[in-house]
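Novice: 3D, please:
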Amino acid sequence: MTNLPDERRERRLLILTPFGKDAALVEAMLRNEGIECTVCADVSGLLRELESGAAAILLAEEVVVEGDSRLAAVISRQPSWSDLPILLLTRPGAESISVGNAISTLGNVTLLERPMRVVALSSAIRSALRARARQYQTRAYLLERDQADRRKDEFLATLAHELRNPLAPIRNWVNVLRLSGTGESGPEFLEMMDRQVNHMVRLVDDLLELSRITRGKIELRMEPLELAPVVAAAVEASRPLIESARHTLAVSMPDEPIVVSGDAIRLAQVISNLLNNAVKYTDHGGCITLDVRLERPEVVITVRDTGIGIPMAALPRVFDMFVQVHEGDVRAQTGLGIGLTLVRSLVEMHGGRVEARSEGPGAGSEFVVRLPATALKPSTAGSTISGVPELREMARVLVVDDNHDAADSLGALLSVLGADVRIAHDGNRALELFDAFHPAATFLDLGMPGMDGFEIARRIRARADGRGTMLVALTGWGQERDRRRTEEAGFARHLAKPADLDSLQDVLSSIGPSVHG
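Specialist: Model (predicted):
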């Protein structure tokens, strides 16, 4: 293989002709004009050189042998930005079978009939090289955009991590006060705090969700499912917002079961986002209607409100990312403008479509989701939210986090839930407590200085009784790659801060009292 720098190899012309004299003459002419080129002895040599880069190929018709598909196979595996120019020197006269095969299998082929003038050959080669240079510009743009995407994802992940950490102790103490009944300011104050924390968590989750969806990183867990439990879960998720705004919600569903093929959690997210949007843009005491009906071959889900409406000119833009169609309204400043974008993306991933309707300002809004109906029977093991099992008996739990507020508040909450808790703020203390306490579950923060959560987990697993404890990653890092990493490290659960009460109860209910029973 030619020993050239990568950049020069990508700019060169590969030459393969059946007669050495032709190749030598072309090579000499091109070198005089400052064009990098490499002469190949046969198809195998051409393929070897092609692996390390080329701007174009100059072939003689005689080289394209019928039945030899090696070059076509390589050409078919080009990346999306690449369309390698191939200049084919043909014999004069009628078209041959080999030329026809080359045109149909090699893609970007230009025919050059022999004999041809030197200036014409030079012009054709330079045109091919210029076209390839534009392809390289496209590649550079795509690569720059993919770096840019990575930087955006890293920024969002870091932002989410930094926001989740301070939210964790707030949510923990709110739950402690609520469950222990020690809140001096009354349940209304605790409910308000909980709503605001949940709102912040939802904003963080939406940012990460949108990033994953736009990059195609979300996989739906598709199964036949009844829509009624999905609607119930969505209404329950949105009920605190609806009640705080003193809205009236009317839900209408047919008596017969409606079955769609979809991801229960994602469809509940769609409906909940539409309900939340209706709450946001409807004055207190308004009316919201959720209507589900079967219009074969589709299921139609409609959310109507008596809110401020949407200007007709803005209807085509309501699903665009970061768009706020009511820029003069204070309510438009309370969100990121991505809820409806998530709705459209998730609906389209289910093979459906969504549209917005409104008669204009003051006339309310209507959002209509259409999903394909299915005749399949719903799965008995659906993905809808189920009740949280009760804690069987007191379990020993070790909490490890260098953030004292996060560790102490989580320890207090787990104690209220019925666990016997010990707390460590560094790796060495965590291992000492593990050896003395033998916990059934160990909650580990991952990003601690010195000995991080992964190293602590590795050392716990290396102990004789270490495999009996459930390792739970409790972290501000919540992207899919973070979950894969903790799973590979032996963690049984990955809880993103601030962990919700149901998830903590679920962990406790799934473990025994201690490693030694």
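Novice: for the protein, what helix or strand is lowest in average pLDDT?
Specialist: Counting by mean pLDDT, DSSP states H and E, the weakest-scoring helix or strand in the chain turns out to be helix 187-214, with a mean of 67.
Novice: give me the next element, helix or strand, following it.
Specialist: strand 223-226 (DSSP states H and E).
Novice: pull the CA atoms of the helix or strand following that following strand into PDB?
Specialist: Using DSSP H and E, the helix or strand that follows strand 223-226 in sequence is helix 227-244. Extracted as PDB, the C-alpha positions of helix 227-244 are listed here (Å, rounded to 0.1, in the frame of the first residue of the first chain):
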ATOM      1  CA  LEU A 227     -55.900   2.600  26.500                       C
ATOM      2  CA  ALA A 228     -58.000   3.000  29.700                       C
ATOM      3  CA  PRO A 229     -55.200   2.300  32.200                       C
ATOM      4  CA  VAL A 230     -52.900   4.500  30.200                       C
ATOM      5  CA  VAL A 231     -55.400   7.400  30.300                       C
ATOM      6  CA  ALA A 232     -55.900   6.800  34.100                       C
ATOM      7  CA  ALA A 233     -52.100   7.000  34.700                       C
ATOM      8  CA  ALA A 234     -51.900  10.200  32.700                       C
ATOM      9  CA  VAL A 235     -54.800  11.800  34.500                       C
ATOM     10  CA  GLU A 236     -53.300  10.800  37.900                       C
ATOM     11  CA  ALA A 237     -49.900  12.400  36.900                       C
ATOM     12  CA  SER A 238     -51.600  15.700  35.900                       C
ATOM     13  CA  ARG A 239     -54.200  15.800  38.700                       C
ATOM     14  CA  PRO A 240     -52.100  17.900  41.100                       C
ATOM     15  CA  LEU A 241     -51.700  20.700  38.500                       C
ATOM     16  CA  ILE A 242     -55.400  20.400  37.500                       C
ATOM     17  CA  GLU A 243     -56.600  20.700  41.100                       C
ATOM     18  CA  SER A 244     -54.200  23.500  42.000                       C
END
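Novice: what comes up buried for helix 227-244?
Specialist: Across helix 227-244, burial judged by 16 or more other C-beta atoms under 10 Å covers 227-235, 237-238, 241-242. In this view, the C-beta of every residue, glycine as well, is placed from N, C-alpha and C.
Novice: please parse the chain into its domains.
Specialist: Taking automatic domain parsing as the domain assignment, the ranges for the chain are 6-116, 155-218+388-517, 223-372.
Novice: can I assume residue 96 is in contact with residue 88?
Specialist: No. At 10.7 Å, residue 96 does not count as touching residue 88 under the criterion of C-beta atoms under 8 Å.
Novice: quick one, which of these two is more surrounded?
Specialist: Comparing residue 96 with residue 88 by other C-beta atoms under 10 Å, the one with more neighbours is residue 88, at 21 against 15.
Novice: hey, C-alpha coordinates of the helix or strand containing the more buried one in PDB?
Specialist: Residue 88 is located in strand 86-90, with elements delineated by DSSP H and E. The C-alpha coordinates for strand 86-90 follow below in PDB (Å, rounded to 0.1, in the frame of the first residue of the first chain):
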ATOM      1  CA  ILE A  86     -15.500   6.600 -11.300                       C
ATOM      2  CA  LEU A  87     -14.200   7.500 -14.700                       C
ATOM      3  CA  LEU A  88     -14.600   4.600 -17.100                       C
ATOM      4  CA  LEU A  89     -12.500   4.600 -20.300                       C
ATOM      5  CA  THR A  90     -14.600   2.800 -23.000                       C
END
